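> Quick one, what's the 3D model for this:
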Amino acid sequence: MKTGSSSETSTNASAGPAGATGTINTFKGQDRALRADRIGTAGLLLSVLAATAPLMVVAGVMPTTFGVMGMEGLPLLFIILGAVLTLFSVGYAEMSRHVHNAGAFYAYIARGLGGTAGAGASFVAMVAYSAMQVGIYGILGFEVSGLLATYLDTTVAWWIPALTGVAVTGVLGWLKIDLNARVLGVLLLIECVLVVIFDVAAVADPAKEGLSLHAFDPGTLTGAGLGTALCFSIAAFVGFEQAPVYAEETSRPHLVVSRVMFLAVGFVAFFFALSSWALTVAAGPSSIVGQSAEQGPGLLFSLTESRLGATFTDVLHILFVTGMFAAMISFHNVVARYAFAMGREGLLPAAFGRTNRATGAPATGSLLQTAIATVVVLAFAITDDKPAGDPTAPVLHLFTWMGNVGALGIILLMAGASVAIIAFFVRRGAATAQIWRITASGLAALALLVIAGYTVKDFDVLVGSGPGSALNWVLPGVIGLALVAGLVYGVVLRRTRPEAHARIGLGNEAFQLEKAAEGGAL
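Numbers count the residues shown, from 1 in each chain. The predicted model follows:
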């Protein structure tokens, strides 16, 4: 294992009997560390892939991109974005071998660009992932209320199933990560199987244009909508970058984390490229834009019903909901771990840096995210003056606004992490040895900053607010405000508590430094 790894150093200070299974190894004790060796390659892969919500992307993101952007080349776009994110993962995966910290993005940025930059990134990460998670409650509530109306003839306001989802997710946040991984894994595998069945059915029964490869023609990516399509599509990949968040809880994190990231990026790029192509085959390349604009998320279900029958489509509707539920759990777990890491390092109150003694879960961080979700959902529910069944508040506002705010924050975090990775290896004198990883990180940073620029520029299209709306600067401004607040707090921390500022990004390694200092003072 690499020198400086928090996993390696922490094993020298066991909080319990040496060699005991599930022991927490940290100088500060059991309640100041996540439970080690709780999740392996398969469990981690399923956890991060669950955040991508494959069925939600196929049924929701893809028709929106086809219809709103008016371009047929979405399958090619997924391949291009897969290449960009693979470049990003080259440096990101190598960094995961040197830094094991539940703070992931902000820890990497702190180690490369300094504690103040890390503090800024930590605030952005908390806001971005919280927004992504809370936004899903909107579309979940809308879909569940729609299912109840269709199959049980019962009218239920969208916020009731949304708040139920908040409660269930909060309870699971207290439980063991391996239990959550099993829950996520089962749901993920089922929805992937159903999407693959649709893909096969589309290829077996194509529209009148046959098995056309027109969607992979580079000429389909021209036009004013390309930048916005990039913004929509990169959000579909969000989740793969979460693997380092679980580094402290994995077995052999120096191998597992990097392996999972490359597997996740490769799977997502291939799966979404194939499935978006299957949509064009089923609808016809010349008709996909028009049908998507007309039917929206209903496109997938209409295509499956004509090929696979009403029963299959009903099951798909249900799995559409469970897939969103899996994504909510995944994002909830990430926010809780960021809160834990920040509490441990003085960026949040110390109470957040403690875990549940029984399960090793970051319980206080889980409660924080549950409280945030409850407040936001209630705020949108109170201001919803539309009749039951209207998607404006839950989908067009809560889901769309929060999802795009979160995606912008994560794109900026990936760009910042790429720059930090370059600085990290240069400062360590490893620039020559890591030259190809540094080059890959530089190219990824440029590409991600371009996508972030398009995201801000086209925010009115992304959230459907129209030119001149205050939302066009207020919503992206949430991420800007989080960054400024974090940077200011970092500067204050450096001046008032320099010892805490020096620990930003170190995680459990800071405990070992303190132990060594105390030992030397004896």
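> check contacts around L483.
Counting by C-beta atoms under 8 Å, 6 or more residues apart in numbering, L483 makes contact with G120, A121, F123, V124, L412. Where C-beta positions appear, they are placed from N, C-alpha and C, glycine not excepted.
> how about 7 Å then?
Taking C-beta atoms under 7 Å, 6 or more residues apart in numbering as the criterion, L483 is in contact with G120, F123, V124.
> buried sites along stretch 162-175?
Residues A162, L163, G165, V166, T169, G170, L172, G173, W174 are the ones in stretch 162-175 that count as buried (16 or more other C-beta atoms under 10 Å).
> just stretch 442-454 next, same as before
By 16+ other C-beta under 10 Å, the buried positions in stretch 442-454 come out as G442, L443, A444, A445, A447, L448, L449, I451, A452, Y454.
> nearest to P498, of the residues you listed?
For the buried residues of stretch 442-454, the closest approach to P498 (C-beta to C-beta) belongs to A445, at 29.6 Å.
> residues in contact with the closest one?
A445 is in contact with A415, S418, V419, counting by C-beta under 7 Å, 6+ apart.
> ditto for L299
Taking C-beta under 7 Å, 6+ apart, we find L299 in contact with P63, Q291, S292.
> Spatially nearest residue to H254 (excluding sequence neighbours)?
The spatial neighbour of H254 that comes closest, neighbours along the chain excluded (C-beta to C-beta, 6 or more residues apart in numbering), is R97 at 4.6 Å.
> you'd agree that neighbour is up against L255?
No: at 8.2 Å, R97 does not count as touching L255 under the criterion of C-beta atoms under 7 Å.
> who's more crowded, those two?
Taking other C-beta atoms under 10 Å, R97 and L255 do not tie; R97 has more neighbours (17 against 14).
> Now the element after the helix or strand bottoming out on mean pLDDT in the chain, going C-ward?
Least confident helix or strand, the chain: helix 6-10 with a mean of 36, by mean pLDDT, DSSP states H and E. Note on helix 6-10: by DSSP states H and E, the next helix or strand toward the C-terminus is helix 41-50.
> Can you tell me what sits against that next one?
Residues from elsewhere that reach helix 41-50 (C-beta under 7 Å, 6+ apart): 178, 181, 184-185, 187-188, 239-240, 242-243, 246, 250, 256, 259-260, 263-264, 267, 326-327, 329-330.
> Could you point out the helix or strand that follows that helix?
Following helix 41-50 toward the C-terminus (DSSP H and E): helix 54-56.
> and that following helix, what does it pack onto?
For helix 54-56, the elements it packs on are helix 177-204, helix 298-344, judged by 3 or more C-beta pairs under 7 Å, 6 or more residues apart in numbering; DSSP states H and E.
> hmm, try it at 10 Å
helix 115-151, helix 177-204, helix 253-283, helix 298-344 (3 or more C-beta pairs under 10 Å, 6 or more residues apart in numbering; DSSP states H and E).
> How far does stretch 337-351 sit from its chain's centre?
Relative to its chain's centre, stretch 337-351 lies at 20 Å (C-alpha atoms, centre = their mean, to the nearest Å).
> For that stretch, what is the spacing between the initial and final residues?
End-to-end span of stretch 337-351 (C-alpha to C-alpha, to the nearest Å): 13 Å.
> Give me the mean pLDDT for that stretch.
For stretch 337-351, the mean pLDDT works out to 89.
> Pull out the buried residues from that stretch.
Judged by neighbour count using 16+ other C-beta under 10 Å, the buried positions of stretch 337-351 are R337, Y338, A339, F340, A341, M342, G343, R344, E345, G346, L347, L348.
> want to throw those residues into JSON lines with distance to G284?
As requested, the buried residues of stretch 337-351 are exported to JSON lines (distance: C-beta to C-beta, whole Å):
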{"residue": "R337", "distance to G284": "45"}
{"residue": "Y338", "distance to G284": "44"}
{"residue": "A339", "distance to G284": "48"}
{"residue": "F340", "distance to G284": "50"}
{"residue": "A341", "distance to G284": "49"}
{"residue": "M342", "distance to G284": "50"}
{"residue": "G343", "distance to G284": "54"}
{"residue": "R344", "distance to G284": "54"}
{"residue": "E345", "distance to G284": "54"}
{"residue": "G346", "distance to G284": "58"}
{"residue": "L347", "distance to G284": "52"}
{"residue": "L348", "distance to G284": "52"}
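> I'd like to know which of the residues you listed is nearest to I139.
Once C-beta to C-beta is applied, the member of those that ends up nearest I139 is Y338, at 23.1 Å.
> ok, the closest one - contacts?
Going by C-beta atoms under 10 Å, 6 or more residues apart in numbering, Y338 touches 102-107, 122-123, 125-126, 128-130, 245, 347-348, 352, 362, 365, 368-369.
> can you give me the end-to-end distance of stretch 150-160?
Across stretch 150-160, the terminal residues are separated by 17 Å (C-alpha to C-alpha).
> Now do the buried residues in stretch 379-387.
Neighbour counts over stretch 379-387 (16+ other C-beta under 10 Å) mark F380, A381, D384 as buried.
> Report the spatially nearest residue to F425, omitting neighbours in sequence.
Residue nearest to F425 in three dimensions, not counting chain neighbours: Q434, with 4.4 Å by C-beta to C-beta, 6+ apart.
> Quick one: neighbours of the one you found, just the number.
Residues within reach of Q434, counting by other C-beta under 10 Å, total 20.
> And the pLDDT for it?
Confidence at Q434, expressed as pLDDT, is 92.
> circling back to that earlier point, looking at the contacts of A445, which has the most residues close by?
In terms of neighbour count, S418 stands highest of the contacts of A445 at 29 neighbours, by other C-beta under 10 Å.
> mind listing what's buried in whichever strand or helix holds that one?
Per DSSP H and E: S418 is located in helix 400-427. Within helix 400-427, the residues that count as buried by 16+ other C-beta under 10 Å are 400-425.
> one step back: I'd like the buried residues of stretch 442-454 as a markdown table, with distance to F216 appended.
Converted to a markdown table, the buried residues of stretch 442-454 look like this (distance: C-beta to C-beta, whole Å):
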| residue | distance to F216 |
| --- | --- |
| G442 | 28 |
| L443 | 23 |
| A444 | 23 |
| A445 | 27 |
| A447 | 20 |
| L448 | 24 |
| L449 | 27 |
| I451 | 21 |
| A452 | 26 |
| Y454 | 22 |
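> taking these one by one, which sit in helices?
If you go by DSSP state H, those have G442, L443, A444, A445, A447, L448, L449, I451, A452, Y454 in helices.
> Columns pLDDT and distance to T86 on top of these, output as CSV?
Putting these into CSV (pLDDT from 0 to 100; distance: C-beta to C-beta, whole Å) gives the following:
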residue, pLDDT, distance to T86
G442, 97, 14
L443, 97, 11
A444, 96, 9
A445, 97, 14
A447, 94, 11
L448, 95, 13
L449, 95, 17
I451, 91, 15
A452, 92, 18
Y454, 87, 20
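> Out of those, which comes closest to H501?
The closest of these to H501 turns out to be A445 (C-beta to C-beta; 25.2 Å).
> out of everything not next to it in sequence, what's closest to that closest one?
S418 (3.8 Å).
> how far away is that neighbour from V203?
Using C-beta to C-beta, to the nearest Å, S418 is found at 37 Å from V203.
> okay, and for the stretch 251-400 of the chain, where does confidence drop off?
251, 358-360 (pLDDT under 70).
> Please tabulate the buried residues of stretch 162-175 in a markdown table, including the columns secondary structure, pLDDT and distance to V478.
Output for these, formatted as a markdown table (DSSP: H, G, I helix; E, B strand; the rest coil; pLDDT from 0 to 100; distance: C-beta to C-beta, whole Å):
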| residue | secondary structure | pLDDT | distance to V478 |
| --- | --- | --- | --- |
| A162 | helix | 96 | 21 |
| L163 | helix | 96 | 23 |
| G165 | helix | 94 | 23 |
| V166 | helix | 95 | 20 |
| T169 | helix | 90 | 22 |
| G170 | helix | 88 | 23 |
| L172 | helix | 82 | 27 |
| G173 | helix | 78 | 23 |
| W174 | helix | 73 | 28 |
